[in-house]
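1. Structure of the sequence below:
(2 chains)
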Amino acid sequence: MDTAHYTKALRLTGKQLRADHPDTADVTLIAAKVMAASKRPQDRQDLQSLAPSPNELDFVKEHLNRIEAETEPGHCAAQERILTWLRKQKEG
Amino acid sequence: MTTAISTTYQAAARTADRNVVRKWARLGIGFNVEPARKTPDLEQLLVATAKVCPRNARLFILVATWLKKFGIYVAAHRIKGLATSQLDSDDQATLAILLGTAVEHGAPKLLRKIVVSELAQATTPGPLFEVDRGPLSDLIEADATETSKHYGRWVQPIELKPGALRTPQWVLKKNPSLSWRAAHKGDLRCSVAETLRRNMLGATISESELARQCGATRAAVRAALHDLQFEFLGLKIIRQQGVRGSMIHLEKTTE
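-> Numbers count the residues shown, from 1 in each chain, chains lettered A, B, ... in the order given. Okay, the predicted model is just below:
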């Protein structure tokens, strides 16, 4: 998956979220990186450094749910794994 | 106490990582750092890079990209000699995967023939990048390249970033000492000349010791020295009887 593609696709939602939740300003970038992270180690390292907040991860989860609803079950399984990993990092 | 040691180690690692990145910037990779002040020892840099890559995936990708474009500068035999003497088997595996991946993308095949095939596998299989060592491990293994599985340090296929490299003109202007390497395309003459220039300038060394440091046979080194006599003014080969073969001397004035 291409980060630039997802950044573009998410821009509108990201702007809306920034307005609604000013504390989640980097969410567009985070969502784009989660989409690409299952294939790109540099994005996994970036996500580890960014240490997304629970709110930001919830937003990405909603986005994954929307994609799955429009495609087939399991389409975003790898991205779900990335989210679970990030949540555990936050807890640990 | 453990925390203090860990912090000290992390600080040292960050400094080492930064030095490696600055040297690659000098060689034409577009890192956002101040480039090193002088041309680095390329083979020594590749050996140091193998130690840093597990902490820096971008470095792995960009160095593989650099090797595809500028791999003819690399003295293959010298890398083999340095890597097998300085790196533990886990870091040798990392270097093998870095060079092997670069060759798969178009870097000189000599790197695989001379170096990759001689390097050790990791002691215990697992992901190459530190970020992947944990819950994501099986995700990476499922996708890993054949080369990385063979060496026991799993890496997914990478996409090169040619846009992140400077032009050959820029690289040569900043590093004119690389130009003679291109003429020999990384063959044994490069390794012999670079070993003498880097380690033995002004000193005398036996042919057998030179062969050991270059990771080649004495006969092959003797043939390379024969050719190099026509390129280096200060190169003196003193023929003598004995088990160590000829003695080699490179005068300090040599360039």
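2. these two touch, right, B:G28 and B:F70?
-> Yes - B:G28 lies in contact with B:F70 (C-beta atoms under 8 Å); the separation is 7.0 Å. All C-beta atoms are positioned from the backbone trio N, CA, C, and that covers glycine.
3. Show me the common contact partners of these two, please.
-> Common contact partners of B:G28 and B:F70 (C-beta atoms under 8 Å, 6 or more residues apart in numbering or on different chains): B:L165, B:V171.
4. If you count surrounding residues, which of the two has more?
-> It is B:F70, of B:G28 and B:F70, that has more neighbours when counted by other C-beta atoms under 10 Å in any protein chain shown, with 24 against 20.
5. burial count for the nearest residue to B:P54 once chain neighbours are set aside?
-> Distances taken as C-beta to C-beta, 6 or more residues apart in numbering or on different chains place B:E130 nearest to B:P54, at 5.0 Å, with adjacent residues excluded. Neighbour count of B:E130, defined by other C-beta under 10 Å: 15.
6. Test my guess that B:E130 contacts B:C53.
-> No - with contacts defined as C-beta under 8 Å, B:E130 does not count as touching B:C53, sitting 9.7 Å away.
7. quick one: the helices in the stretch 1-150 of chain B?
-> With DSSP state H, counting those that start in this stretch, the ranges of helices along the stretch 1-150 of chain B come out as B:2-26, B:42-52, B:57-70, B:76-86, B:89-104, B:110, B:137-143, B:146-151.
8. Can you name the element that comes right after the fifth one?
-> Yep, that's helix B:89-104 we're talking about. Later in the chain than helix B:89-104, the nearest helix or strand by DSSP states H and E is helix B:110.
9. who's in contact with that next one?
-> Helix B:110 has contacts (C-beta under 8 Å, 6+ apart) with B:A76, B:K185, B:G186, B:D187.
10. Just give me the neighbour total for the second one.
-> Neighbouring residues of B:K185 were enumerated by other C-beta under 10 Å; the total is 15.
11. wouldn't it be in contact with B:P108 here?
-> Yes - B:K185 lies in contact with B:P108 (C-beta under 8 Å); the separation is 6.6 Å.
12. Show me whatever sits in contact with both of those two.
-> With C-beta under 8 Å, 6+ apart, B:K185 and B:P108 have common neighbours B:I72.
13. What does the pLDDT read for residue 57?
-> All of this is about chain A. The model reports A:L57 with a pLDDT of 92.
14. nope, chain B
-> 95.
15. Now do the same contact list for the nearest residue to it once chain neighbours are set aside.
-> Of all residues beyond its chain neighbours, the one nearest B:A57 is A:P41 (3.6 Å), with distances taken as C-beta to C-beta, 6+ apart. When contacts are counted by C-beta under 8 Å, 6+ apart, A:P41 touches B:A57, B:F60, B:F129, B:V131, B:D132, B:V155, B:Q156.
16. Disregarding residues adjacent in the polypeptide, which is nearest to the last one?
-> What that stands for is B:Q156. Closest to B:Q156 by C-beta to C-beta, 6+ apart is B:D143, at 4.5 Å.
17. And whatever residue of chain A ends up closest to chain B, how far from B:A224?
-> Residue nearest to chain B within chain A (C-beta to the nearest C-beta): A:P41, separated by 3.6 Å. A:P41 sits at a distance of 39 Å from B:A224 (criterion: C-beta to C-beta, to the nearest Å).
18. Kindly report the same for B:E231.
-> Distance, B:E231 to B:A224, by C-beta to C-beta: 11 Å.
19. Provide the contact partners of stretch B:160-170 at residue level.
-> Everything outside stretch B:160-170 that qualifies as a contact, by C-beta under 8 Å, 6+ apart, is B:G28, B:I29, B:G30, B:I61, B:L62, B:A64, B:T65, B:W66, B:K68, B:K69, B:F70, B:H105.
20. Pull the number of nearby residues for the residue nearest to the third one when sequence neighbours are not counted.
-> Distances taken as C-beta to C-beta, 6+ apart place B:A164 nearest to B:G30, at 4.6 Å, with adjacent residues excluded. By the criterion of other C-beta under 10 Å, B:A164 has 15 neighbours.
21. Over to B:A219?
-> Neighbours of B:A219 under the rule other C-beta under 10 Å: 11.
22. ok and the residue in the stretch 51-200 of chain B nearest chain A?
-> For the stretch 51-200 of chain B, C-beta to the nearest C-beta, closest residue to chain A: B:A57, 3.6 Å.
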